[in-house]
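1. Here is my input; please provide its structure:
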Amino acid sequence: MSFEDRELPFDFDLLRDLTEFHGPPGYEDRIRGLVTEALEECTDEVRTDAMGNVVGTVEGDSDYSVVVAAHLDEIGFMVRHVTDEGFLQLDALGGWDPRVLRAQRVAVHTQQGELTGVIGSVPPHTQDDDDDDESDREVHDVYVDMCRDGEAVSELVSVGDLVTMRQTTEIVGNHVNGKALDDRVCVFAMLEAARELEDPDVTVHFAATTQEEVGLRGAEALGGDLDPDLALALDVTVANDVPGFEDGDQVTRLGEGAAIKLKDGSVITNPKVNRRLREVAEDADIDHQFEILPSGGTDTANLQRAGGATPAGALSIPTRYLHTVTESAHVDDVTATTDLLTAFLESEDGSTDYTP
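-> Residues are numbered from 1 along each chain as shown. I've put the predicted structure just below:
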């Protein structure tokens, strides 16, 4: 029986709001407000820094501190030109595959409010055979049709306005489908763990970071400011468990639990942190798997070294179709990640020596 037909094990309304809210890198204001409100309900203190990172702190019984981080921003665009005919040309904020953008609705965030536009697509009736090869297509080749004449568009839209995908979040079978699961589904797991954590032995900083998609920038500032004794990053990871991929190239599989990151393109996580995550998962009978991601990076890297050497680990939620207009994660993996994070934090007393 799919989750479409039974009760979900978590607050889907919050997850839907988190994913549907808009917040490209550097402009995370709306989503930051929602996360701040949620953190104020379950932490002792909430503060925001000059980079826009928001941190909710649960005070423990010792000076030992752990930072848990998930990023607020989603991949998006900035308007770089408005043509005389009223079409928008875009500059990417984060890593897009332009091939997936055809004929998609977008939200254009203007000073006058939010407008809807459509990314254009030439109909097949008028394409040559050479047009089928889009391997060299770039975001600069994409245009947004505002469905208005040029004069009207020039009055409404300015260079520098933000553009994000217009998508809803839904439960489809056993999966959550929607935009910005990267990384709002991990922000959600972090908030759920913050709600569940009671009287920890150590101080825990639950941090929602900014500008991850353009260079892990918020985490770099945060790591230096908080100077934690231990860092755990939460992010989605590749699940290529779809036709066309060999088993060894799948990275992770949906429905097999939280992924304990061993490495990605930016970090090799601390082996002792990995080992303890595994022990906690086994003791609590929480489904888990291991992640070796060949390329790409997460906040883990900057948390590991921003304020000096810090033992760092990471939990990932396996997700299909990353950096596309509709990403997909398994409900059970979201729950497993929340449960493992909570169990790890509840068991952390600051006595483990994570030095290699």
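
2. Residue 31 belongs to a strand?
-> No: assigned with DSSP: H, G, I helix; E, B strand; the rest coil, residue 31 falls outside any strand and is helix.

3. Could you double-check that it sits in contact with residue 20?
-> No: counting by Cβ atoms under 8 Å, residue 31 stays clear of residue 20, with 9.7 Å between them. Every C-beta, even on glycine, is put in place using the N, C-alpha and C of the backbone.

4. Compare these two and say which is more crowded by neighbours.
-> Neighbour totals were compared for residue 31 and residue 20, and residue 31 leads with 26 against 16 (other Cβ atoms under 10 Å).

5. who's in contact with that one?
-> Remark: with contacts taken as Cβ atoms under 8 Å, 6 or more residues apart in numbering, residue 31 is in contact with 18, 21, 22, 23, 72, 184.

6. For stretch 8-26, what does the pLDDT average out to?
-> Stretch 8-26 comes out with an average pLDDT of 95.

7. what comes up buried for that stretch?
-> 10, 12, 14-26 (16 or more other Cβ atoms under 10 Å).

8. and those residues, which of them are in helices?
-> Judged by DSSP state H, those include 12, 14, 15, 16, 17, 18, 19, 20 as members of helices.

9. Could you measure from the fifth one over to residue 34?
-> Summarising the geometry, the distance separating residue 17 from residue 34, computed by Cβ to Cβ, to the nearest Å, is 6 Å.

10. likewise the second one?
-> To residue 34, residue 14 is 8 Å away according to Cβ to Cβ.

11. Report the residue ranges of every domain in this structure.
-> Domain ranges of the chain: 12-74+179-347, 78-165, per automatic domain parsing.

12. Looking at those domains, which one is packed in the most?
-> Per residue and on average, the most neighbours among these fall to domain 12-74+179-347, with a mean of 21 (mean count of other Cβ atoms under 10 Å).

13. so how far does that domain reach from one end to the other?
-> Criterion Cα to Cα, to the nearest Å; first-to-last residue distance in domain 12-74+179-347 is 27 Å.

14. Going forward, the N-terminal residue is numbered 11.
-> Got it, the first residue is 11 from now on, which makes the last one we talked about domain 22-84+189-357.

15. That one: how far from the chain's middle?
-> On the basis of Cα atoms, centre = their mean, to the nearest Å, domain 22-84+189-357 sits 8 Å off its chain's mean C-alpha point.

16. if we can go back for a sec, need the contacts of residue 41 in CSV (columns: distance to residue 208).
-> Converted to CSV, the contacts of residue 41 look like this (distance: Cβ to Cβ, whole Å):
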residue, distance to residue 208
28, 23
31, 28
32, 33
33, 30
82, 25
194, 25
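
17. out of those, which one sits closest to residue 359?
-> Checking the contacts of residue 41 against residue 359 with Cβ to Cβ, the nearest one is residue 82 at 29.8 Å.

18. was I right about the closest one contacting residue 217?
-> No: using Cβ under 8 Å, residue 82 is not in contact with residue 217, being 9.8 Å away.

19. Could you tell me which residues touch both of the two?
-> Applying Cβ under 8 Å, 6+ apart, one finds that residue 82 and residue 217 are jointly contacted by residue 64.

20. rewinding a little: tell me the one among the buried residues of stretch 18-36 nearest to residue 54.
-> residue 24 (20.6 Å).

21. Need the nearest residue in space to the closest one, chain neighbours excluded.
-> Leaving aside its chain neighbours, residue 24 sits nearest to residue 198 (6.5 Å; criterion: Cβ to Cβ, 6 or more residues apart in numbering).

22. ok, so what distance separates that neighbour from residue 188?
-> Applying Cβ to Cβ, the value for residue 198 to residue 188 is 11 Å.

23. Now do the same contact list for residue 286.
-> Contacts for residue 286 (Cβ under 8 Å, 6+ apart) come out as 354, 362.

24. now do 10 Å
-> With contact set as Cβ atoms under 10 Å, 6 or more residues apart in numbering, residue 286 has these partners: 270, 280, 323, 354, 357, 358, 362, 364.
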